[in-house]
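> For reference, the sequence and a predicted model appear below.
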Amino acid sequence: MTETGIINISLAILFLPLLGFIVTLLLGKKIKSIYLFEVFILTVTLFAAIFVAFIKLSYYVDDRIIAEIQWFKLSETISIKLGFLIDNMTVIMLFVVALISALVHYFSIAYMKDDPRYNRYFAYLGIFTFSMNGIVLTNNILMMYIFWELVGLSSYLLIGFWFEKKSASDAGKKAFIVNRVGDIGMFAGILILFLTYNTFSFESIFHSIAAGKLPFNSDFWLTMTGILLFMGAIGKSAQFPLHVWLPDAMEGPTPVSALIHAATMVAAGVYLTIRIFGLLTADAMMFIAIIGMLSAFIPATIALTQNDIKKVLAYSTVSQLGYMVMALGIGAYKFTFFHLVAHAFFKACLFLGSGSVIYAMHHEQDIRNMGGLRKKLPLTYATFLIATLAISGIPLTSGFHSKDGILASSFAFGSLTGNWIFAIVGFLVALMTAFYMFRLVIITFHGQPRDQHKYEHAKESPFVMVMPLIVLAGLSIFIFYTPNPLNADEGWFISKWLPAPVLSAPNNTRFDFMQETAGAVTHNPSHGTITYSESYTEAMHGAHNPAMILALVLALSGMLLAYIFYQWKKINVDKLTQAIKPLYTFSLNKWYFDELYDKTFVAGTIGFSKLIGWFDAKIVDGIINGAGNLTRLLSVFTGAFDRIVIDGIVNFAAYLSGFIGLIFRRIQTGKVQTYLILVIFSIIILLFLFND
Amino acid sequence: MYDIIFYLFAAVTLVSAFFVVTNRNVVYSAFFLLFTFFGIAGIYVLLGADFVAVVQVIVYVGGILILLLFGVMLTNKITNVEIKTGTINILPAAIGVGIFAGVLLAALINSDWKTLPAGKPLPTTALLGSMLIQDYLLVFELLGIILLIALIGAASIARREKV
Amino acid sequence: MNNFPILSFLTFLPILGMIIVLFLPKKQELSIKVTTLVITGLQLVLSIVLLMNFNYSAGGINDPNSFQFIEKFRWIDIPGFSWIGNIKIDYFLGVDGLSTPLVLLTAIITFIATLSSWNIDKSIKGYFIMFLLLDTGMMGVFVALDFFLFYIFWELMLLPMYFLIGIWGGPRKEYAAIKFFLYTLFGSIFILLVMIGLYFSSMETLVDGTKVFTFNLLTIMDPNNYTPYGILSPLNPNNLRLIAYIALFIGFAIKIPMFPFHTWLPDAHVEAPTAISVILAGVLLKMGTYGILRVSYPIFPEITMSLSWFIALFGMINIIYGALAAMAQKDFKKLIAYSSISHMGYVLLGMSALNTMGISGAILQMFNHGTITAMLFLIVGVIYDRAHTRDLDAFGGLGVQMPAYTGFVTIAFFAAIGLPGLSGFISEALVFLGAFGSGTTRILGIISTLGILLGAAYMLWTLQRVFLGKLNEKWKSLPDLTAREYFMLVPLTAIVIFLGVYPTPMLDLMNASVNSMVKFINNAQVFYSSLNSF
Amino acid sequence: MITLILSNLSVNIQAIYPEIILSLTLVALVIFDLIFNKQKKFLPLISIIGLFFAFIFVIPEFGTSRSAFPTSENNSLLSIDSFSAFFKGLIIIASVFVVLFSMSSNEIKSCPDRQGEYYSLMFGMIIGMFFLVSANDLILIYLSIELLSLSSYVLAGFVKTSIRNSEASLKYIIYGSTSSGIMLFGISILYGITGSTNLFEINSVLGFSNVPQITFLISILMIFTGIGFKISIVPFHFWTPDIYEGAPLPITAFLSVASKAAGFAVLIRFIEITFAESLSKSGFWQLIPYVNWQNLLVLFSIITMTFGNFAALWQDNLKRLLAYSSIAHAGYLMLGVAVLSDQGLTAVLIYFSIYLFMNLGAFFIVMLIANKINSENIDDYRGLGYSIPFLSTSLAIFLVSLTGLPPTAGFIGKLYIFFALVDAKMIVVAIIALLNTVVALYYYIRVLKVMFLERTDKHVEIEISPLNFVIILALLAPTLIFGVYFTPLVNIAKNSIQLLGF
Amino acid sequence: MIEVGLNHFLIVSTFLFSLGIYGIITRKNAIMVLMGVELILNSANINFIAFARYGNFGLQGDLIALFVIVLAAAEAAIALAIVLNIYKTLATVNIDEVDSLKD
């Protein structure tokens, strides 16, 4: 298998879902079972992805395979290229995307069975997979942006899939527009990059930066560029303050939530940040870390009180993504990616599990109406539980490893820079995560059924739905990543597959511990835990065990608290909520973000647009048009604006010229002698005018 | 003597002209116009334009004035002695004409005319006659056409329309 | 092929058609329509032939030798003693990379507009006569290289447009028509004035060595041809070039239409019949920006450079103002009209950057907007034909009732908001690249990115209001697209997608010209600043 | 002595063959009318034949430059030059059309037994104009104006039974005779100042001796009043709308074109010959600076066009609207004069030639429609575009041309005016003039709007006789052709600006 | 008293002219308006002859005066015809009642 072969297969992986999309969409009306074609395509894609991953990780593990073609050119010097960059992260992500996508396809076969637009749904899944693969495969930021937007489009289509529901179409619109806010920043960043480096390619950009070429020749603009690009991630990964769209996105079909809003699309932001990691300066990273921290914390507090099964998971997703972003901000490059992958599997599992529950409960999503489902849905319960353990960071799960790495990094970061806030929030969120996840599990699956009727009718989902759960739950076990259940550092995932990040931001702009010093192995592509400087390595070593223990303790206490509250009911939850009512309401209402945005940005824009519309119809159409300011001004003062306002040039000109004409016609009296008087006076006036 | 005669004629001319334009009775106006024309004829004589003076009397007094009187008679009932008509626009007309006359007068009087002492009046008729058929033959002919047109036009308007 | 006067054919074919239609009996409605369709179809074929024979490496802009398909002969040639005699006007047609895309666009849009005119039901003969006359005017503007000829074509469109809106338009058609007419005439008097001024400022050297005043755009562009005392000659220390530039710009800006000269557009669009809206938005608006690029830029390069910030400013205002105004609309068609204002702002912004990316983006955006907005107006037309209302709030849930239609709508809308993969994205991206690339316009470019967001907001909101949500029972019986409508929408969709994925053909077409324009403006700057140093 | 006079006479008579032919035609008409009282339909034919022969004798006058009827060694009454020949040509063309119009006019046909007078009087006008355009002497100018006016006074009131006609006639004669009286008084003052009524002689007097400023100005303004009355310049225009509306349509058309042309010709000749100092190489005239002609004319033209356009906005009567529009056009033409250069003059000639066709065309169609619907009210034109498409479309083309939009000839006319203005660096004036075009569009387009954009159930049928069809085509063709190919027109105009003495 | 010279004649003619204008403007009766016109023409004639005499311009002035007199006759004839026609159609010669043609 040559590198060209890998490229070709990657091409196939990219375009097969597109083919599926086109065929399914166009023939959807004619052929009822065309969705099977899409499912088949995705299966093929999955195998191709596995194959590529296998080849790459086995034979080309140290290589970065790059292929470029020219897309279009504007002049001899300006040409825009498209291309692939296939490194280990790429193939792993490809695998993740293909796998989850395929599983979601299978799951949907049953879940979406009764939908009138069944085929279209699969078509949309196809284009999503295509777009996501594009993001993963690209070697340049422009193509990233292109697929980025396409992902946004697929997300829009899928969230609003049940567009007859106003809430669904609202949510789709909201998702798209909120994402666009971030995208504008990213777009601006891309423009700056291209203008500086005349290329979109990551590789070339990093080279140029390393060679000392900076945007507008200033560190500040490098930082800004990083932040601007990261704004894309803020939008797509639903980071604070643009996180508001993700919970609403749960209006889409649940498998979609699993695919897009848990595992893949929202991970794209993190993936983007990983890709541009090399150009981030310390300031930019700090910014990222703070955003990540806020995004980890705020949704976690919201998730504590939500009652919609999908909403809890959605906020947990935001929180976990915040975790990853924060981790990147503090330099935990490898663990971020690890957590990304791990999270993709267990969160997909959780969502699909919730889908299974919802399916069984006939589209009931409120957990207060559930309970005791453990017996009715044993397989769902088991897989859900495994995933919950993983997300809570209980040992033997993938989550334990990834989370532990991140927490250790935050610990190390604290010790190196004296900035402990990230560590504190990290642990706090770990606690909260364990708590709300187990709250969810307990209320849903344990205890007594609350809605007896629905409970009676609930039964375990069919095989196509359960099978994906099992696969995903399986992938949440540590063994796929590392042989050591307690330390992942030596495992193949961390040490073999993931190379150290290549830093190209100028030395003086980095964190101290990331600076190139003598003896540090910065650019060493060899594997291992050493990523930055000696001091960092030491700090990591030192942080590892305390962090692990503390994390474990917190996770377990979170679990314990959940059991106390909900399983054993030792503490009356209602009383407690009454006691901290303001806080509870605040959390229940999601910190009032939606209301705030509605009142400010949305209302502001719409109000402003109305103003402009009015302004345009009345004022511009008047003033420009020569509608005399004076009349207008006077009419404003007299408060009779609307009546007096004349719409437009024509009316006004007619009015004005009519007025002039009126004066003129006054003198055309029809009496010839009057005319003659005027003539005499005219001659007199002329005489005085021209007598000099 | 010359001066006195001038003033006499000037006074006749202007006073009767004033009555022409102010008198309310059309017939009176017409008769005042007669005096005006005579006065002007006198002035012509004073200026040594004998032939013109004669033509003035013949054409104006003999022709135009009679024509106007006919007009007056035809447009009023003969029995109505009080053939009065009103006036309009007096104030603006007075102001306008007043200013105009003032300016004109001031300008004319203050102008530096290249005057020569008036020569001894000579008979003009023969010379006028030869000018008329030599230098100004074209104008003369043109006047012929004008008169023809006037004839046709007046006849055209005045004649009874066959219905 | 070399001697075939293809441009004349392109331009005057509709006149031929007009004559044929003139002699067809009034009752033969079908044959009138078919004649028009055949004529516009032939035009389309000719324009494709043109494209196939196009030399991609020839730059054009200011170099007479690299224009293509040139047709040039003396049209008015009056010998004489002073200038009064020496009027020389050329019949001078030619295309370069700047005009060819627009020629193509005109051919496509006209053809589709003909199809869309199929359901015109009153005074069909008159309609198609006017339609064909308009066609000639539009085509002529894009191929004329002589200012006089350009102006004639420019004005030629006014009257047919007036009638097309005024007779076949909506309820307030008369108001809209007269508004359109007065506005554009107001603009064109400035163009006329500058045209005359330029005529007296530049001299062409004839073969025999004598020098004559000229309307030849290419001659006027050459700084060496300026006369010492022409009022618009840079050699004249008291020249009025700045004022002339602004006047000319206003003349063109009204057509674009640029804020604050845009208010004719919503009215004209709303009242015009669908086909005419399509032409109006698809082709006519491009004339403004084309005029600026073809006339203002190369003739006044130094002023262009010094005023580029203002052009960008107006571009920005157009983008944001148009978008916000669109958001406030309740009438579907008016919303699209305002979106046109917003999108033409990108063209202005791109042009103002004065670099390869910006100008390429601007021209590409002209083409793309032409196709996209044509789609949008067709879409409005389709729904209006069926529902007889355009009130956005009256609809809802049409996505269920008319899925195919909704599919096209979605594509058009997403193309309009610059979704990658569709043509709008590339041009907008290039525009922004250009705007960022020039120090003068950078800040304005940054602010303009807000337009991307606002664009998405109002378009998606519209999509939601009309197509998503619960189906309004009133529209239970609306049929989906007919074959004719498919025939109109599919080619446009194909273009939109094709150029979104593979813009190379269009960009290659214009690259040489764009680069020579950028080079020309920058070089000219040197020349003009050397004049100032005197 | 007598033989000398005769030989001189024969030379001079050769110079006025066209005028003589016209006079003979006039006589022929009168005699024919007297003898063959019943053969009225031959009268137009005779007129046209006369005009045709006059035209044939006008043609050789192009390119010549000589004087006729000398009053002293250097001065003469008449100038036979290209300039006058051009205007004579225009007048003949307009006359032919008006004769043709008259044949179809219901108003004229309503007086069957006065046809002879009608055509005779028309010839009176034509002869007056002919002398006007070539007159060198103020007295001849005055008398020609009177000849022209006297004939037109009668013609304006030709249909005696029509109140409208009679009123127009009365107003016209009062206004006209007063104006010409004022002019005569002005001439008398000018005569006092310079001792002559001959333009060349006045010119030479002005050239070497001082004249009393104010008095001179007064005299010039008074003379200008008389000419201004003929070409309806604001504020001497007041008669125009009333008389245009009141008079029979062919006469209105004739007044708006031919009589105005003659007026402009005499204005130009008066200004250029009386005040000429020298001619600069670039074609600009150097005038003796007693009167600031440029400012005066620019002021007049701006006031005139603005007034004409704005007043036209309000008109509901199409004839009256055209009257105001013709005032506005006089303003544009005046701009051409105001440039005081050969360029401007050429522009005026071009404009006039085009104006002739488009204005006559508009009046003709208004007449044809009025013949049928007995109304010139714009509201009665509603929907005519659908019932009489050919006439409506033709009217539309004429109106568009009057607006000055390409590709009609009206645009070329305006274009040349603006050429001249820009060349003279009178940019602001040009802008005002152009803005006026926009205003003009508004009322012209209103007619189009009513005809095409509004509909009515009333169906009007108008049969167009072959003759009328040909007439319309004959007027349409130049209106359209000169719009895209104006070389011949410009060539003629350019060759015709040579005045005697230049 | 000053010796009578050109100015005296000019004063007479100016007053005559002004009175003529005044008459034209103020009289209602059309015929009286015509009388005003005659006054104007006469005033001009006085000017012509006076200038000719005092400026030694020859007989041209006289000649012009003759022309004007003839013209005045022609004009008067036509004017009266028109006035009579108005009287026939409108039964009035009051000019200010003849104002149906107006804006």
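Perfect, thanks for sending it.

> can you tell me which residues contact the residue nearest the centre of chain B?
Per C-alpha atoms, centre = their mean, the C-alpha nearest to the average position across chain B is that of residue B:37, at 5.8 Å. For residue B:37, the contacting residues are B:56, B:57, B:60, B:61, B:65, E:42, by C-beta atoms under 8 Å, 6 or more residues apart in numbering or on different chains. Bear in mind the C-beta positions are built from the backbone N, C-alpha and C, glycine included.

> Swap in 10 Å and give it another go.
If a contact means C-beta atoms under 10 Å, 6 or more residues apart in numbering or on different chains, then residue B:37 has B:13, B:16-17, B:56-57, B:59-62, B:64-65, E:38-39, E:42 as its contacts.

> Please tell me how far the spatially closest residue to residue B:127 that is not a sequence neighbour sits from residue D:435.
Once flanking residues are discounted, residue B:127 sits nearest to residue E:59: 5.3 Å by C-beta to C-beta, 6 or more residues apart in numbering or on different chains. The span separating residue E:59 from residue D:435 equals 54 Å under the rule C-beta to C-beta, to the nearest Å.

> ditto for residue C:527
35 Å.

> What is the burial count for residue 59?
With no chain named, the answer covers chain A. Number of residues near residue A:59 (other C-beta atoms under 10 Å in any protein chain shown) recorded here: 13.

> you looked at the wrong chain, it should be chain C
Here the count is done by other C-beta under 10 Å, and residue C:59 has 22 residues near it.

> so the nearest residue to it once chain neighbours are set aside is in which element?
Leaving aside its chain neighbours, residue C:59 sits nearest to residue C:516 (3.3 Å; criterion: C-beta to C-beta, 6+ apart). Taking DSSP states H and E as the criterion, the element that holds residue C:516 is helix C:504-532.

> same check, this time on residue C:93
Under DSSP H and E, the secondary-structure element containing residue C:93 is strand C:87-95.

> residues near the closest residue to chain A within the stretch 351-500 of chain D, how many?
Across the stretch 351-500 of chain D, the shortest distance to chain A (C-beta to the nearest C-beta) belongs to residue D:439, at 6.2 Å. The local packing count at residue D:439 equals 22, with neighbours defined by other C-beta under 10 Å.

> downstream neighbour of the helix or strand hosting residue A:110 in the secondary structure list?
Residue A:110 is located in helix A:88-111, with elements delineated by DSSP H and E. As assigned by DSSP H and E, the chain's next helix or strand after helix A:88-111 is helix A:118-137.

> Tell me which other helices or strands that following helix touches.
Counting contacts by 3 or more C-beta pairs under 10 Å, 6 or more residues apart in numbering or on different chains; DSSP states H and E, the secondary-structure elements packed against helix A:118-137 are helix A:3-27, helix A:35-59, strand A:79-86, helix A:88-111, helix A:141-159, helix A:254-258, helix A:265-275.

> Now do that helix against helix A:3-27, angle only.
Inter-element angle recorded for helix A:118-137 and helix A:3-27: 160 degrees (by axes from the mean of the first three to the mean of the last three C-alpha atoms, to 10 degrees).

> could you dump helix A:118-137 to CSV, C-alpha only?
Coordinates of each C-alpha in helix A:118-137 appear next as CSV, following Å, rounded to 0.1, in the frame of the first residue of the first chain:
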residue,chain,number,x,y,z
TYR,A,118,-37.2,8.6,5.9
ASN,A,119,-35.0,8.7,2.9
ARG,A,120,-34.2,12.3,3.1
TYR,A,121,-33.1,11.8,6.6
PHE,A,122,-30.5,9.3,5.5
ALA,A,123,-29.4,11.6,2.7
TYR,A,124,-28.8,14.3,5.2
LEU,A,125,-26.7,11.9,7.3
GLY,A,126,-24.7,11.3,4.2
ILE,A,127,-23.9,14.9,3.5
PHE,A,128,-23.0,15.3,7.1
THR,A,129,-20.6,12.5,7.1
PHE,A,130,-19.1,13.9,3.9
SER,A,131,-18.6,17.3,5.4
MET,A,132,-17.2,16.0,8.6
ASN,A,133,-14.7,13.8,6.7
GLY,A,134,-13.7,16.9,4.8
ILE,A,135,-12.9,18.7,8.0
VAL,A,136,-10.9,15.8,9.2
LEU,A,137,-8.9,15.2,6.0
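
> List phi and psi for residue D:287.
Here is the backbone geometry of residue D:287 (degrees, to the nearest 10): phi -110, psi 150.

> burial measure for the closest residue to it other than its chain neighbours, as a count.
The spatially closest residue to residue D:287, leaving aside those adjacent along the chain, is residue D:275, at 4.2 Å (C-beta to C-beta, 6+ apart). Per other C-beta under 10 Å, the neighbour tally for residue D:275 reads 22.

> Who are the contact partners of residue D:275?
When contacts are counted by C-beta under 10 Å, 6+ apart, residue D:275 is found next to D:199, D:202-203, D:206-207, D:220, D:285-291, D:293, D:340.

> so how far is residue D:269 from it?
Using C-beta to C-beta, residue D:275 is found at 11 Å from residue D:269.

> same check, this time on residue C:495
Shown here: residue C:495 relative to residue D:269, a distance of 64 Å by C-beta to C-beta.

> what about the chain, any weak spots by pLDDT?
Using chain A. Within chain A, the stretches with pLDDT under 70 are A:1, A:488, A:516-532, A:618-658, A:660-662, A:692.

> Actually, chain C is the one I wanted.
Along chain C, the model assigns pLDDT under 70 to residues C:1-2, C:80-86, C:531-534.

> re earlier: between residue E:59 and residue D:435, which has more neighbouring residues?
Neighbours around residue E:59 and residue D:435, counted as other C-beta under 10 Å, are more numerous at residue E:59. The numbers are 21 against 15.

> any idea how far the more buried one lies from residue D:76?
Taking C-beta to C-beta as the measure, residue E:59 falls 18 Å from residue D:76.

> Check the contact lists of residue D:275 and residue D:269 and give me the overlap.
Residues touching both residue D:275 and residue D:269 comprise residue D:199, with contact defined as C-beta under 10 Å, 6+ apart.

> All set, thanks.
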